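# Provided below are the primary sequence and the corresponding predicted coordinates.
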Amino acid sequence: MLRLLIADDHDVVRAGLRRLLEARAGWSVVAEAADGKQAITAALSHKPDVAIVDYSLPLLNGVEVTHQIRLRVPDTEVLIFTMSDNEALLQNLLRAGARGYLLKSDAECHLYSAVEALAQKRTFLTGQASEKVLHSYLSNSTTDTVLTSRERGIVQLIAEGKSNKAAAGILNISNKTVETHRANVMHKLQCVSTAALVRYAVRNKLIEP
């Protein structure tokens with residue numbers, strides 16, 4: 001039995017994916033999640049073979065969710081399922097440990113192939129995504145690598161309006177650690193206000209405008 005986790009903040013997307021995935025013999029959706037924190041908790045509890053994760057999750061985005069799942073449940077492979085076709089985002093997700101990247105617009109043609117590839121511990125990238133990876137390596141691109149995965153998570157939570165205390169609770173770290181990360185981010189990005197951080201988050205697709 002192939003055990004699957006679906007993490008997406010839209011009920012209709014989760015329902016559609018569940019219907020498609022469970023139409024395959026031997027495939028079972030063992031858990032669903034509507035935000036990044038739920039996704040990590042579900043992965044820890046159910047230990048799925050493949051986690052299908054939307055990048056634009058509330059609380060913790062796909063990069064941080066991927067990093068945490070791969071760190072804490074290493075046998076679970078992560079397939080990013082997203083509307084965002086972005087070279088820098090793809091690079092960050094691969095660095096975090098995602099083995100697959102599938103655009104929602106390609107789901108009808110490639111969903112089954114993507115899940116099967118990850119279940120066999122193989123990488124899956126659509127042709128367009130593969131071209132982006134190749135282009136990035138050939139051009140030695142360093143776009144959007146200035147922030148660590150944790151710093152990107154902090155920026156997302158700030159942009160979502162979370163206080164330092166709330167962010168600390170979500171990430172299970174101390175308030176002081178959040179303050180330190182926030183100060184480092186402000187320095188790295190040369191931001192002088194929260195509004196500037198929000199603009200950075202929107203521009204780099206950490207949150208949806």
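All right, it came through fine.
# now what about stretch 182-200, what contacts it?
Residues outside stretch 182-200 that contact it (C-beta atoms under 8 Å, 6 or more residues apart in numbering): Val146, Leu147, Glu151, Ile154, Val155, Ile158, Ala159, Asn164, Leu206, Ile207. All C-beta spots, glycine's among them, are computed from the backbone N, C-alpha and C.
# Which element, helix or strand, includes Thr177?
Following DSSP states H and E, one finds Thr177 within helix 175-189.
# what separates that helix from the chain centre, distance-wise?
Centroid separation for helix 175-189 versus its chain: 21 Å, with C-alpha atoms, centre = their mean, to the nearest Å.
# One more: stretch 16-28?
With C-alpha atoms, centre = their mean as the basis, stretch 16-28 stands 22 Å off its chain's centre.
# Now that stretch: buried residues?
For stretch 16-28, a neighbour-count test (16 or more other C-beta atoms under 10 Å) marks Leu17, Leu20, Leu21, Trp27 as buried.
# show me what contacts the nearest residue to Gln68 once chain neighbours are set aside?
Ranked by C-beta to C-beta, 6 or more residues apart in numbering and with sequence neighbours excluded, the top spatial neighbour of Gln68 is Ile40, at 4.8 Å. Taking C-beta under 8 Å, 6+ apart, we find Ile40 in contact with Leu60, Val65, Gln68, Ile69, Arg72.
# switch to 7 Å and redo it
Val65, Gln68, Ile69 (C-beta atoms under 7 Å, 6 or more residues apart in numbering).
# Tell me which helix or strand it sits in.
Take DSSP H and E as the rule and Ile40 turns out to sit in helix 36-46.
# related to what we said a few turns ago, could you flag which of the contacts of stretch 182-200 are buried?
Buried among the contacts of stretch 182-200 by 16+ other C-beta under 10 Å: Leu147, Glu151, Ile154, Val155, Ile158, Ala159, Asn164, Leu206, Ile207.
# before we move on, back to that, using TSV, lay out the contacts of stretch 182-200 together with pLDDT and secondary structure.
Listed next are the contacts of stretch 182-200 as TSV, based on pLDDT from 0 to 100; DSSP: H, G, I helix; E, B strand; the rest coil:
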residue	pLDDT	secondary structure
Val146	70	coil
Leu147	80	coil
Glu151	88	helix
Ile154	91	helix
Val155	90	helix
Ile158	89	helix
Ala159	89	helix
Asn164	91	helix
Leu206	80	coil
Ile207	79	coil
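# which of the residues you listed lies closest to Leu94?
Within the contacts of stretch 182-200, proximity to Leu94 (C-beta to C-beta) peaks at Leu147, which comes in at 15.8 Å.
# contacting residues for the closest one?
So Leu147 contacts Val155, Val185, Lys188 (C-beta under 7 Å, 6+ apart).
# Can you lay out these as a markdown table showing distance to Ile173?
Compiled in a markdown table, those are given as follows (distance: C-beta to C-beta, whole Å):
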| residue | distance to Ile173 |
| --- | --- |
| Val155 | 15 |
| Val185 | 14 |
| Lys188 | 19 |
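# Where does Glu108 sit: helix, strand or coil?
helix (DSSP: H, G, I helix; E, B strand; the rest coil).
# How many neighbouring residues does it have?
Neighbour count of Glu108, defined by other C-beta atoms under 10 Å: 9.
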